[in-house]
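Novice: Predicted structure and sequence below. I'll ask about it afterward.
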Amino acid sequence: MRVLRRSKATEVLLELLKGPKHVRELQSKVGGSASTLELRIHELLKEGWIRYEESDVWPFRKVLRLTDRGAEVVKLLKLEGGFFGAAERAIKKFALSGDRARRLLTLLHAMGGKVEGGIRLQKLLFLSKHEFGLNEFSYQFAPYAHGPFSEEVLDDVTGLVSMNLVKVEGKVVEAGDGVVERSYRLTTKGEKAAKKIYDKLPGATKRSLQSLKRFNEMKLVELLRYVYSKYPKESTG
C-alpha cells in the first residue's frame, strides 16, 4: 500500500481505470517527469495492479491496463468516500493494524471463507467482542444508519484486498431497504494465510469464532433486530 503515497501512483491508477493507455499517452494525462512515471509503473507492475498487453488497434503498441486486483483496489477506495482521502487513511491505519487485520482473516476463515455484505461483516466483528469477549478484534464502533459501524474495518479490508488476501464482490444480497451490499471472500492465498493463523489460536478463541457462525447464518433483518434490541445505545446513539 505504500506505493500509493508516492508521486503519480494514484493518478496512474485513476487514468487506467478509464481505459488502457500507452506510456506516452499516460504521461500526457498525469504529468510529471518520464523517470518518475517509469518508476511508478515498475512499482505498480510489481504490486500486480497493472500489466502490459499488446494493443489490438494500429499501431499495435504495448499499453498498460489495470489488472482485476488493481481495479478492485481502485474501485473499493473510490467507493469508500473519495479516492485520495480513503487511500491515505487506509495506508496509515492498515500499517498500524497488522495483528487486527490478521484476526479479520481468521474470522472470514471461521465463517467458511465468505461473509455476505458489509453490514453483516461489521456486525460479526462487533459481536465477536461484545458477545464473546474477543478483544483482539479491537475495532472502534460508533452508532450508524445500520447499527454499530467502524471505518477501521473498511481500512483493513482495503489493505487485505491490496495484498490479494480478500476479494470484494458487489451485488444485492438483501435489499430490504434498497441497500446494495458486497460480499467479502478469502482468495486462495488468503485462505492459506488465514488457516495458518487460525490453527495457532487458543481453543477457547476457536470455539467462540465457531459460535459466531450462527449470527452469520441469520437473515440480515434478524441479525439487525438482535443487535438493535440487545445493544440499543451502540446501535442508535
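Specialist: Received it, and whenever you're ready, just let me know what you need.

Novice: So which helix or strand of this structure has the lowest pLDDT on average?
Specialist: helix 83-96 (a mean of 49; mean pLDDT, DSSP states H and E).

Novice: Buried residues, the host helix or strand of Lys46. List them.
Specialist: Assigned by DSSP states H and E, Lys46 belongs to helix 34-47. Within helix 34-47, the residues that count as buried by 16 or more other C-beta atoms under 10 Å are Thr36, Leu37, Leu39, Arg40, Ile41, Glu43, Leu44, Glu47. Placement of C-beta: from N, CA and C, glycine included.

Novice: Mind jotting down where the strands sit in the chain?
Specialist: 50-54, 62-66, 114-116, 166-171, 181-186 (DSSP state E).

Novice: According to the record, where do the domains of this structure fall?
Specialist: 2-67, 97-236 (automatic domain parsing).

Novice: so which of the ones you listed gets nearest Val73?
Specialist: The closest of those to Val73 is domain 97-236. By C-beta to C-beta, the value is 5.1 Å.

Novice: model confidence over that closest one, on average?
Specialist: Across domain 97-236, the average pLDDT comes to 84.

Novice: Just name the most buried of the domains of the chain.
Specialist: Scoring those by mean neighbour count under mean count of other C-beta atoms under 10 Å gives domain 97-236 as the most buried, with a mean of 17.

Novice: related to what we said a few turns ago, so for Val74, which of the domains of the chain sits nearest?
Specialist: Nearest of those to Val74, taken as C-beta to C-beta: domain 2-67 at 5.0 Å.

Novice: Might you calculate how far that closest one sits from the centre of the chain?
Specialist: 22 Å (C-alpha atoms, centre = their mean, to the nearest Å).

Novice: For this structure, just list every one of the helices.
Specialist: Per DSSP state H, the chain carries helices over the ranges 9-18, 23-30, 34-47, 68-79, 83-96, 98-110, 118-130, 151-162, 188-199, 203-211, 213-216, 220-230, 232-236.

Novice: what's in contact with the helix holding Lys46?
Specialist: 3, 6-9, 12-13, 23, 26-27, 30, 50-52, 64, 70, 162 (C-beta atoms under 8 Å, 6 or more residues apart in numbering).

Novice: what does stretch 226-237 give?
Specialist: Against stretch 226-237 from outside (C-beta under 8 Å, 6+ apart): Lys123, Phe126, Leu127, His130, Phe141, Ala142, Pro143, Gly147, Pro148, Phe215, Met218.
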